[in-house]
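**Student:** let me see the structure of the following:
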Amino acid sequence: MTALSYREYALDLHRRIDKLRVSEDHFASIEIAICRNAHCYKSEEVTGRNGSRRFLTGPLNSFEGLAEEDGTATKKEIEAFFALPEIYAYTDLALENERSPLTKSHWDGTVALIEVRYQTVRTTWHQRMLFIGFTDPIHADFTVGLYTDLFIDGPREGTQLFEWRAAATQPPELDRIKSSAPREMAC
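**Tutor:** This next block holds a predicted model:
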């Protein structure tokens with residue numbers, strides 16, 4: 001089987017995140033980490049009446065950690081990722097394997113780890129996805145073909161990486177959403 005393109009899915013996710021940012025009816029926790037050329041750009045955000053947003057950047061897998069920045073570079077990298085013409089999604093195998101895209105520098109692709117939780121009147125929705133995007137189909141075909149078992153090729157329910165699903169219980173961060181920032185997500 002060949003991997004499924006997740007470009008349209010990623011674009012829909014981007015639109016949903018934009019809607020959550022301006023909604024006064026939903027509280028949301030949004031974390032996006034973009035890893036490109038051995039560098040990480042991370043946005044941590046809480047939406048709602050007392051929302052907050054913080055931006056971090058630094059070398060990938062650095063012992064020093066990420067440093068806060070004004071958001072200019074991070075916002076630019078996030079928008080550039082969602083504009084890529086070729087986007088694929090990883091399965092849980094990518095996290096359990098020594099070939100994890102989070103442990104390497106990709107010269108030909110941009111990796112994005114995105115986690116979103118938002119609360120409606122009845123349900124808390126949660127999603128955590130690991131994507132890789134490419135500027136052209138040649139680099140995409142090469143990487144997807146080389147690591148075909150790591151990419152989603154049909155319906156799959158992951159435990160660590162998954163599409164939208166209802167959370168079993170309301171997460172603690174949504175209980176404290178007015179007073180705290182979202183928890184850290186590894187880059």
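
**Student:** show me what residue 89 is bridged to.
**Tutor:** residue 131 (DSSP bridges).

**Student:** residue contacts, it?
**Tutor:** Residue 89 sits next to 4, 6, 9, 129, 130, 131, 151, 152, 161 when contact means CB atoms under 8 Å, 6 or more residues apart in numbering. C-beta here means a position set from N, CA and C on the backbone, and glycine is covered the same way.

**Student:** can you give me the strands for this protein?
**Tutor:** Ranges of strands within the chain are 27-36, 39-46, 52-59, 67-69, 86-89, 110-119, 124-134, 162-166, based on DSSP state E.

**Student:** contacts for the last one, please.
**Tutor:** Under the criterion CB under 8 Å, 6+ apart, residues 9, 123, 124, 125, 126, 127, 128, 129 lie in contact with strand 162-166.

**Student:** in that strand, what counts as buried?
**Tutor:** Within strand 162-166, the residues that count as buried by 16 or more other CB atoms under 10 Å are residue 163.

**Student:** distance from that strand to the middle of the chain?
**Tutor:** With CA atoms, centre = their mean, to the nearest Å as the basis, strand 162-166 stands 13 Å off its chain's centre.

**Student:** swap in the fourth one?
**Tutor:** Taking CA atoms, centre = their mean, one finds strand 67-69 lying 19 Å from the centre of the chain it belongs to.

**Student:** neighbouring strands for that strand, and are they parallel or not?
**Tutor:** Assessed with DSSP bridges, strand 67-69 is paired to strand 52-59 (antiparallel).

**Student:** and the top helix by length along the chain, what other elements does it pack with?
**Tutor:** Looking across the chain with DSSP state H, the single longest helix is helix 7-22. Under the contact criterion of 3 or more CB pairs under 8 Å, 6 or more residues apart in numbering; DSSP states H and E, helix 7-22 touches strand 27-36, helix 72-82, strand 86-89, strand 110-119, strand 124-134.

**Student:** can you list the ones you listed in TSV and add mean pLDDT and distance to residue 102?
**Tutor:** Rendered in TSV, the data for the helices and strands packed on helix 7-22 read as follows (pLDDT from 0 to 100; distance: least, CB to CB, whole Å):
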stretch	mean pLDDT	distance to residue 102
strand 27-36	95	7
helix 72-82	97	15
strand 86-89	96	14
strand 110-119	96	7
strand 124-134	96	8
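
**Student:** what's the closest of these to residue 42?
**Tutor:** Proximity to residue 42 (CB to CB) singles out strand 27-36 among these, at 4.5 Å.

**Student:** nearest the middle, which residue of this structure would you pick?
**Tutor:** residue 114 (1.4 Å; CA atoms, centre = their mean).

**Student:** so who does that residue touch?
**Tutor:** Counting by CB under 8 Å, 6+ apart, residue 114 touches 13, 31, 32, 33, 127, 128, 129, 130, 131.
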